[in-house]
Every structure is written in C-alpha cells, then in structure tokens.
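1. mind looking at a prediction? Sequence and model below.
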Amino acid sequence: MNLFSSPTTSLSTRSPIPFSDPWMIQGCNYQLAPGETTDPSYYYSYWGYHSGETVPCNNQGVSPNLTFQWGSTAWPGQGIYLNRNVLVEVRNTINSPDLFHQVVPTDANGTATLALSGIIPGYYTVLIKPTGFLRQSTNMTLQAGTHSVSFPMTVSGKGCIDGKPTGPQLWIGDADGDNVINSADYNIIYNYFNKSVPAGYADLDGTPTHIFDGVDYNLWLRSICFFGGGSGQVVGSGGRMESLVCYLFHTK
Ligand SMILES: [Ca+2]
Ligand SMILES: [Ca+2]
C-alpha cells in the first residue's frame with residue numbers, strides 16, 4: 001500500500017495519497033490523528049503524528065457478526081415460507097473467491113445471525129442464497145461488532161406479453177441449487193410433481209409439507225418469463241455455482 005508519493009528521493013517533498021478513513025494495517029482500524037479530519041485534502045505532518053507508536057488494533061482477531069433478513073414478513077401469508085437454509089458468502093468483490101461461506105437456517109421472519117469467522121475489517125461483497133431462490137449480493141463495510149443488512153430477494157423484470165417493467169417480483173425458481181433457473185429446474189418439478197421434494201432439491205414456496213405442486217411450477221414459470229428475456233434461463237448474482245458450494249448448499 002503506497003501512503004505517499006514523491007517526485008524525488010527526498011521524503012520531505014512527499015505528498016499523501018488520498019484514501020478513505022479509517023484506513024487499516026492488517027485489519028486494524030487506524031484512528032484519526034489528533035486534529036485530523038476526514039477531508040481527503042487534510043495535510044499530514046512531515047514528522048507524522050503516530051511516529052514510533054504502536055498501531056491501535058482493537059478490532060484485530062474479532063470476527064464481525066452479521067444479522068441479515070431476507071424477503072418480506074408478508075410472504076408467509078402469501079404462501080412463501082422464509083424458514084429455510086440460506087447460504088451466506090463473503091468475498092472481496094463479486095467475482096472473487098469466497099473468503100467465508102456458511103449455510104445457516106433463517107427463522108419464520110427470514111432472519112439469522114452468524115459470526116463471519118476469519119473476516120478482518122474491510123469493505124466486502126456479501127451474498128446470500130436462500131434455497132429455491134437465486135443469489136443476491138450487496139456491498140458493505142464489515143468491522144468488529146454486529147451489522148444488519150436486508151436482502152429483498154425480488155427483482156423487477158419485464159412483462160411477458162407487454163414488455164413493461166413488472167415491479168418487484170420474487171427472484172425464485174432454482175430447484176437444483178446451481179444459481180440458474182432453467183429447464184433442469186422445470187424437469188425436477190415435473191418429475192416430482194405432487195410428490196415430496198427429494199433430498200438435494202429445494203422446495204420453492206417452502207410450505208411445511210415440502211411438495212412440488214402447481215404453486216412451485218408457477219413460481220418457476222413467472223421467473224423464466226419476467227427475467228429470462230426469452231432466453232429460457234435466468235442466472236443469479238455471481239454466476240453459476242461451483243460444485244463445492246452446491247454441496248455445502250445441500251448439506252444441512
Ligand atoms: Ca437450477
Ligand atoms: Ca412446494
């Protein structure tokens with residue numbers, strides 16, 4: 001990390017490179033210097049306010065806690081149940097590998113709390129995937145302490161007939177858990193229609209009986225229609241899932 005730039009080898013002419021406070025060393029929050037402001041043009045003393053001091057490191061070794069809520073508490077009344085397994089992932093960016101992942105069950109309100117073990121304070125992409133839904137993501141700062149975040153698990157698509165914006169629609173239809181809605185999910189619903197949802201597959205509406213029926217089929221069909229754009233498939237945030245994650249996703 002370059003903190004200063006200089007046109008010569010003389011450090012006395014160095015200029016600070018702007019960055020956002022608080023900045024960190026090995027995951028430690030470095031406090032503002034006495035009198036320092038968050039103004040990026042703040043002038044840093046030649047001698048440095050913290051010269052020779054131990055870096056404050058109150059946060060190091062403490063994992064952030066995440067409390068998240070997905071969906072709407074109105075959904076159970078509409079037949080979509082929120083108490084189901086949810087895969088939680090933390091990445092540096094949407095396309096980088098998982099730094100953390102864990103499957104956690106949410107309660108009837110779609111809420112769960114977990115410790116993000118090994119995550120040092122920083123700015124991250126957090127992704128969740130409730131069973132049956134496609135993955136959604138958000139970017140947020142994670143530090144020691146508890147963080148709350150919500151995921152709507154809805155997306156506005158285009159009407160199948162009129163092509164007009166649909167407004168928020170359920171981001172649902174992934175029966176086999178690969179983060180793609182396509183004919184493979186249709187075949188599963190078709191093959192097990194009016195039967196119990198087999199192990200390894202996700203009931204879409206999450207009714208206590210866990211049966212594939214016309215409700216699940218309609219949820220799949222609406223997503224293909226609203227989000228598929230005629231392509232016959234819909235891919236969730238971060239792309240198709242890897243087999244390892246799929247395995248975790250299906251493990252209770
Ligand atoms: Ca799928
Ligand atoms: Ca069902």
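-> Received it, and whenever you're ready, just let me know what you need. Ligands and ions are numbered 1, 2, ... in the order given.
2. list the buried ones in stretch 167-175?
-> Neighbour counts using 16 or more other C-beta atoms under 10 Å place 169, 170, 171, 172, 173, 174, 175 of stretch 167-175 among the buried residues. From N, CA and C alone the C-beta is placed, and that goes for glycine too.
3. kindly apply the preceding question to stretch 66-73 instead.
-> For stretch 66-73, by 16+ other C-beta under 10 Å, it's 66, 68, 69, 70, 71, 72.
4. now that stretch - C-alpha only, PDB.
-> The C-alpha coordinates for stretch 66-73 follow below in PDB (Å, rounded to 0.1, in the frame of the first residue of the first chain):
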ATOM      1  CA  LEU A  66     -23.900 -10.400  10.600                       C
ATOM      2  CA  THR A  67     -27.600 -10.200  11.200                       C
ATOM      3  CA  PHE A  68     -29.500 -10.400   7.900                       C
ATOM      4  CA  GLN A  69     -33.100 -10.500   6.900                       C
ATOM      5  CA  TRP A  70     -34.300 -11.600   3.500                       C
ATOM      6  CA  GLY A  71     -37.700 -11.400   1.800                       C
ATOM      7  CA  SER A  72     -40.800  -9.900   3.400                       C
ATOM      8  CA  THR A  73     -42.700 -10.900   6.500                       C
END
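5. sorry, back to before: so which of the buried residues of stretch 167-175 are in strands?
-> 169, 170, 172, 173, 174 (DSSP state E).
6. for the fourth one, give me its contacts.
-> When contacts are counted by C-beta atoms under 8 Å, 6 or more residues apart in numbering, residue 173 touches 132, 134, 181, 185, 204, 219, 220, 222, 223, 224, 234.
7. distance of it from residue 208?
-> Separation of residue 173 from residue 208 (C-beta to C-beta, to the nearest Å) stands at 20 Å.
8. one more: the second one?
-> If you measure residue 170 against residue 208 using C-beta to C-beta, the figure is 19 Å.
9. again with the third one
-> Note on residue 172: its distance to residue 208, by C-beta to C-beta, is 18 Å.
10. what about the strands in the stretch 51-200 of the chain?
-> 64-70, 85-91, 98-105, 111-115, 122-130, 132-133, 136-142, 145-151, 154-158, 165-170, 172-174, 180-181 (DSSP state E, counting those that start in this stretch).
11. CA atoms of the fourth one as CSV?
-> Listed in CSV are the C-alpha atoms of strand 111-115, where the atom choice follows Å, rounded to 0.1, in the frame of the first residue of the first chain:
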residue,chain,number,x,y,z
THR,A,111,-33.7,-13.6,9.9
ALA,A,112,-30.5,-15.2,11.2
THR,A,113,-27.3,-14.0,12.9
LEU,A,114,-23.9,-15.6,12.4
ALA,A,115,-20.2,-14.8,13.1
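12. where is the longest helix in the chain?
-> helix 214-227 (DSSP state H).
13. which bits of the stretch 151-252 of the chain sit near ligand 2?
-> Counting by C-beta under 5 Å from the ion, the stretch 151-252 of the chain comes close to ligand 2 at 203, 205, 207, 216.
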